[in-house]
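> Sequence first, predicted coordinates after that:
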Amino acid sequence: GQQLNQSPQSMFIQEGEDVSMNCTSSSIFNTWLWYKQEPGEGPVLLIALYKAGELTSNGRLTAQFGITRKDSFLNISASIPSDVGIYFCAGGSSNTGKLIFGQGTTLQVKP
Amino acid sequence: NAGVTQTPKFRVLKTGQSMTLLCAQDMNHEYMYWYRQDPGMGLRLIHYSVGEGTTAKGEVPDGYNVSRLKKQNFLLGLESAAPSQTSVYFCASRTSWTDFGYTFGSGTRLTVV
């Protein structure tokens, strides 16, 4: 079936540093999304991307929908302790109506 | 506005026991989903529903059954629990076929011993 490869699997960074993570697939998606999951909670949508090449920001977060429609990246600038959590990429197909999730990137921020 | 509510939050089962996980949403969403989350494996789709009275299999449906008798509720059943079903289960819902902004519940942590 469809799979997303998300990297890195985990990151341990210093407060104030910038963070970058990405997601690649062998399949084309119509929509790319990024979710954040905090401990003990369900994932929460951060950013949704609908067009190839689209670059969207949400505060300190910036995400891009790859030109090939097979990849996406998420950048977090000037990280703070509350950025801690698991970040999931997800690819959506309007043909199947299904959303496929990456394995997640666990982010830890050292104050 | 409660969103998606899952009950129970925690449960420990003995192998062979059965249980039902309840998901309720108050957003009038058509589509509802059950995922399981295991370390390093992301979220994997168990079953889903595209409307009241309908259900369909996802990526990992074996050992689970579901029902959607009412639009707002989506039940996940384990008839005979196995240790391999130890996981965190998430319910999610969305409004339409092309809207992938899922709303997730806070999860049910299930341990099968």
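Now that the structure is in, tell me what you want to look at.
> Run me through the strand neighbours of the lowest-mean-pLDDT helix or strand in chain A, direction for each.
Lowest by mean pLDDT, DSSP states H and E among the helices and strands of chain A is strand A:99-101, with a mean of 90. Sheet pairing for strand A:99-101, assigned by DSSP bridges, gives strand A:85-92 (antiparallel).
> Tell me which residue of chain A lies closest to chain B.
As assessed by CB to the nearest CB, chain B sits closest to residue A:42 within chain A, at 3.1 Å. The C-beta positions use only the backbone N, C-alpha and C, and glycine is treated the same way.
> Pull the contacting residues for the nearest residue to residue B:13 once chain neighbours are set aside.
Closest residue in space to residue B:13, ignoring its immediate chain neighbours: residue B:81 at 4.5 Å, by CB to CB, 6 or more residues apart in numbering or on different chains. Residue B:81 makes contact with B:13-19, B:110, B:112, according to CB atoms under 8 Å, 6 or more residues apart in numbering or on different chains.
> go with 7 Å
Residue B:81 makes contacts with B:13, B:15-19, B:112, as judged by CB atoms under 7 Å, 6 or more residues apart in numbering or on different chains.
> Taking these together, which two end up most distant?
B:15 and B:19 (12.3 Å; CB to CB).
> can you pull up the bridge partners for residue 91?
No chain in the question, so chain A it is. Beta bridges link residue A:91 to residue A:32, residue A:100 when assigned by DSSP bridges.
> my bad, the chain I had in mind was chain B
residue B:34.
> Wait, it touches residue B:23, no?
Yes. Look at residue B:91 against residue B:23 with CB atoms under 7 Å: they come within range, at 3.4 Å.
> between those two, who's got more neighbours?
Between residue B:91 and residue B:23, counting by other CB atoms under 10 Å in any protein chain shown, residue B:91 is the more crowded of the two (29 against 25).
> Next, the contact list for the residue nearest to the spatial centre of chain B, please.
Nearest residue to the geometric centre of chain B (CA atoms, centre = their mean): residue B:34, 2.9 Å. For residue B:34, the contacting residues are B:46-47, B:66, B:74, B:76, B:89, B:91, by CB under 7 Å, 6+ apart.
> again, but for residue A:14
Going by CB under 7 Å, 6+ apart, residue A:14 touches residue A:110.
> dump the residue contacts of residue A:6.
If you count contacts by CB under 7 Å, 6+ apart, residue A:6 has them with A:21, A:23, A:89, A:102-105.
> what do you get for residue A:106?
Taking CB under 7 Å, 6+ apart as the criterion, residue A:106 is in contact with A:9-10, A:86.
> Run through chain B and note the low-pLDDT ranges.
Within chain B, the segments meeting pLDDT under 70 span B:1.
> what angle separates the helix or strand hosting residue A:20 from strand A:85-92?
Assessed by DSSP states H and E, residue A:20 sits inside strand A:19-25. Orientation check (axes from the mean of the first three to the mean of the last three CA atoms, to 10 degrees): strand A:19-25 against strand A:85-92 gives 30 degrees.
> anything in strand A:19-25 near chain B?
No. On the criterion CB under 7 Å from any CB of the partner chain, strand A:19-25 is out of touch with chain B, staying 10.7 Å away.
> Dump that strand to CSV, keeping only the CA atoms.
Output in CSV follows, covering the C-alpha atoms of strand A:19-25 (Å, rounded to 0.1, in the frame of the first residue of the first chain):
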residue,chain,number,x,y,z
VAL,A,19,13.9,22.7,13.0
SER,A,20,13.3,21.0,9.6
MET,A,21,11.6,17.7,8.9
ASN,A,22,10.3,16.2,5.7
CYS,A,23,8.1,13.6,4.2
THR,A,24,8.5,11.7,0.9
SER,A,25,6.3,9.2,-0.9
